[in-house]
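S.K.: have a look at this fold, sequence not included:
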C-alpha cells in the first residue's frame, strides 16, 4: 500500500507533528549515533573502550544485575497484587486501582526523595526498628543496592501489575469453575489453569520492567552509592564532569540500541502494548 | 465425616483468601503509604527532621512562598508547562487526526514514530537534545525547554486522542462535508465536540509531564532557567533542608489536582 492522493489530507495533518519530531527528536538522536563513530574521522575506539576497560564493563554488569533483580522482585510482588485485584468485585477494584495509578503519575523525583527520607540513617524505618528493639544501631538502608532496589521496585511495580491483571481478567470464570467442579483443589487449579494462561502477561510485564529499569537515572543517582552507578549515570558523568562527549555518545547508543531491540521483541513476540498513554 | 471435610476445605479457602488479601493489600500499601508519609513531615517547624511534628506549623510553606528563588523556579516551571501543554496538544491532536485516516502498515510505522519518545531512555534524549541545543544556542532558554518537553508529551496526546477517534462515527464528518461545510468548520462543529474530553486529557497530561520532568531539564536548564524539579534536585544533593517535604507535598498536590479530572472521566466510563 502506498500513500497516494487519497491520503493528502492526512499528510497535511501529520506534517507539522512529524516535521517537529524529526527536527527535535530524530535528528539529534542520529547526531549522537554519528558522533559516537566519527570523532572526527571514523573510529570504533569509544566502543572498544566500553568493553575493554574493566570499570566500564562493570557498570554494564551492575546495570544488568540491578535490572534483573528489580524485574524478579516486581514479578514476585506484582503477581499476588494483580491476583488480589482480579479476585475482588469490580466495585472494589476501581478504588484499589487508584492506589496503583496515582503513584505512577507523581513526580519520580519526589518519590525518590521520599525513599531517601524513609531509608536514611535517621529515617523512619531505622527509627521504628530501633524503637521496637529489633536492631541496636541504625542499618545502612541507602547508598547501597538495597536502597536502589526498594525505590526501583516501587517505581516499576505498576508496569508489572497492569499486564498481569489484564491477563487474569481475560480468563473466563467458567474455566476455573470447571476445574474446581472436576475436583481440582485451589492450588491445582492455579497451577494448571491460571498460571499458564497468565504466562504471556507475566512475560510482557517482566520485559517492560526490565527495559525501563535499564535506563534508570534518578534512583541510582540519589539512593545508590558509587558501586551502584548504572549506564545512565555513567553517561551523565561523561557529559557533565569529564566532558568526554564521544564516549558518552557511544554509551548512549549502546543503551538506545539495547532498548529498541528489546522493545521490538516486546511488541513482536509478546504482542505487548507500548506504555505510551501513561496507563501502562 | 463429610461435613468436617467440607468445613476443612472452607477453612483452607478462607485462609487462602486472607493470605492473598494480606499480600496483595500489602503491596498496594507499599505503593501508596510511603508517598503519604511526607505530608505530616511537611508541617514541621524545627530545622531538624521529624516525622510527626511536635509543634505543627506552616513555617516551611511560608519559607517556600517567601523565597524569591523558589518562586522564580515555580514561575518558570508553570510557564514552560503551559507552553508545552499548548504545543503538544495541538501537535498531538493533528497527528491523531491524520493517523485516523490511514490504515495498514503505514499507520503502524507512523504511530511507532510518534510514540517513540516514550520508549527512548530519557538520558539518551537528554544527551541528544543537549548536543543539538548547545550548537543552536537553546540551552538555558525557556523555548528550548518547551521544545524538549513537547517531544516527551506528544505521545500522550497522540494515544489519548487516537483512542477517542477510534470510537468516532466517520459518516458524520462525511455528512457535514456533503452539506457544504469546509474541513475546518467540520472539525470544529462535528469532530472536536466528540473528542474534546480526550483533548483536555492530553493537555493535562502534557502539563504534568513538563511540570515533573527532571532528567532532560537537568541538562538543558543551565544556570539561569532552573525549573522547580531541577531546584529540588540541587537541594536534595547539596543542601538537604526541612523545606523539601513541604515542596514535595505541594508537587504531589499539583499532580493530583491536574490529573484528578482524567481519573474521574475514566472511572465514569469504566
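M.R.: Received it, and whenever you're ready, just let me know what you need. Every value quoted in this text rests on a predicted model; they were computed, and no experiment measured them. Numbers count the residues shown, from 1 in each chain, chains lettered A, B, ... in the order given.

S.K.: okay, how far is it across stretch A:40-50, tip to tip?
M.R.: End-to-end span of stretch A:40-50 (C-alpha to C-alpha, to the nearest Å): 19 Å.

S.K.: show me the contact partners of it.
M.R.: If you take C-beta atoms under 8 Å, 6 or more residues apart in numbering or on different chains as the criterion, stretch A:40-50 is touched by A:36-37, A:39, A:56-57, A:60, A:246-247, A:249-251, A:254. (Each C-beta comes from the backbone N, C-alpha and C, glycine too.)

S.K.: check contacts around residue B:261.
M.R.: Here residue B:261 is in contact with B:200-201, B:204 (C-beta under 8 Å, 6+ apart).

S.K.: can you tell if the helix or strand residue A:201 falls within touches chain B?
M.R.: Element membership of residue A:201 [criterion: DSSP states H and E] is helix A:195-214. Yes: using C-beta under 8 Å from any C-beta of the partner chain, helix A:195-214 comes into contact with chain B via residue A:214.

S.K.: buried ones in the helix or strand containing residue B:261?
M.R.: For residue B:261, the host element (DSSP H and E) is helix B:244-269. By neighbour count with 16 or more other C-beta atoms under 10 Å in any protein chain shown, helix B:244-269 contains the buried residues B:244-252, B:254-255, B:258-259, B:262-263.

S.K.: assumed residue A:56 was part of a strand.
M.R.: No: assessed with DSSP: H, G, I helix; E, B strand; the rest coil, residue A:56 is helix; it does not lie in a strand.

S.K.: count the neighbours of the closest residue to it other than its chain neighbours for me.
M.R.: Sequence neighbours aside, residue A:50 is the residue nearest to residue A:56 in space, at 5.2 Å (criterion: C-beta to C-beta, 6 or more residues apart in numbering or on different chains). Residues lying near residue A:50 (other C-beta atoms under 10 Å in any protein chain shown) number 21.

S.K.: does residue A:50 count as helix, strand or coil?
M.R.: Applying three-state DSSP: residue A:50 is helix.

S.K.: got any ranges where the stretch 1-150 of chain A has weak pLDDT?
M.R.: A:1-7 (pLDDT under 70).

S.K.: the helices in it, which residues?
M.R.: Along the stretch 1-150 of chain A, the stretches classed as helices by DSSP state H, counting those that start in this stretch are A:8-21, A:27-37, A:45-52, A:54-87, A:90-104, A:108-119, A:124-131, A:145-169.

S.K.: to residue B:108, which of those helices lies closest?
M.R.: Closest to residue B:108 of the helices of the stretch 1-150 of chain A is helix A:8-21 (C-beta to C-beta; 13.8 Å).

S.K.: now the closest one against helix A:27-37, angle please.
M.R.: Relative orientation of helix A:8-21 versus helix A:27-37 (axes from the mean of the first three to the mean of the last three C-alpha atoms, to 10 degrees): 50 degrees.

S.K.: buried sites along helix A:8-21?
M.R.: Neighbour-count burial for helix A:8-21 [16+ other C-beta under 10 Å]: A:10, A:13-14, A:17-18, A:20-21.

S.K.: again with stretch B:63-78
M.R.: Result for stretch B:63-78 [16+ other C-beta under 10 Å]: buried residues B:64, B:70, B:73-74, B:76-78.

S.K.: just the ones in strands from the residues you listed, please.
M.R.: Assigned to strands by DSSP state E, none of the buried residues of stretch B:63-78 qualify.

S.K.: out of these, who's nearest chain A?
M.R.: Ranked by distance to chain A (C-beta to the nearest C-beta), these are led by residue B:77 at 11.2 Å.

S.K.: so which of the buried residues of helix A:8-21 reach chain B?
M.R.: Subset of those in contact with chain B: A:10, A:13-14, A:17-18, A:20-21, counting by C-beta under 8 Å from any C-beta.

S.K.: tabulate these (CSV), appending distance to residue B:222.
M.R.: Formatted as CSV, these follow (distance: C-beta to C-beta, whole Å):
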residue, distance to residue B:222
A:10, 39
A:13, 35
A:14, 33
A:17, 27
A:18, 29
A:20, 23
A:21, 24
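
S.K.: so residue A:184 sits against residue A:190, correct?
M.R.: No: using C-beta atoms under 8 Å, residue A:184 is not in contact with residue A:190, being 9.3 Å away.

S.K.: residue of chain B nearest chain A, please.
M.R.: Counting by C-beta to the nearest C-beta, chain B gets nearest chain A through residue B:24, at 2.3 Å.

S.K.: that residue belongs to a strand?
M.R.: No: assignment of residue B:24 by three-state DSSP gives helix, placing it outside any strand.

S.K.: so it makes contact with residue A:77?
M.R.: No: taking contacts as C-beta under 8 Å, residue B:24 lies outside contact range of residue A:77: 9.6 Å.

S.K.: of the two, which one has the most company?
M.R.: residue B:24 (24 against 21).

S.K.: could you pull up the residues touching the nearest residue to residue A:120 once chain neighbours are set aside?
M.R.: Among residues not flanking residue A:120 along the chain, residue A:142 sits closest, at 6.1 Å (C-beta to C-beta, 6+ apart). Residue A:142 makes contact with A:115-116, A:119-120, A:223, according to C-beta under 8 Å, 6+ apart.
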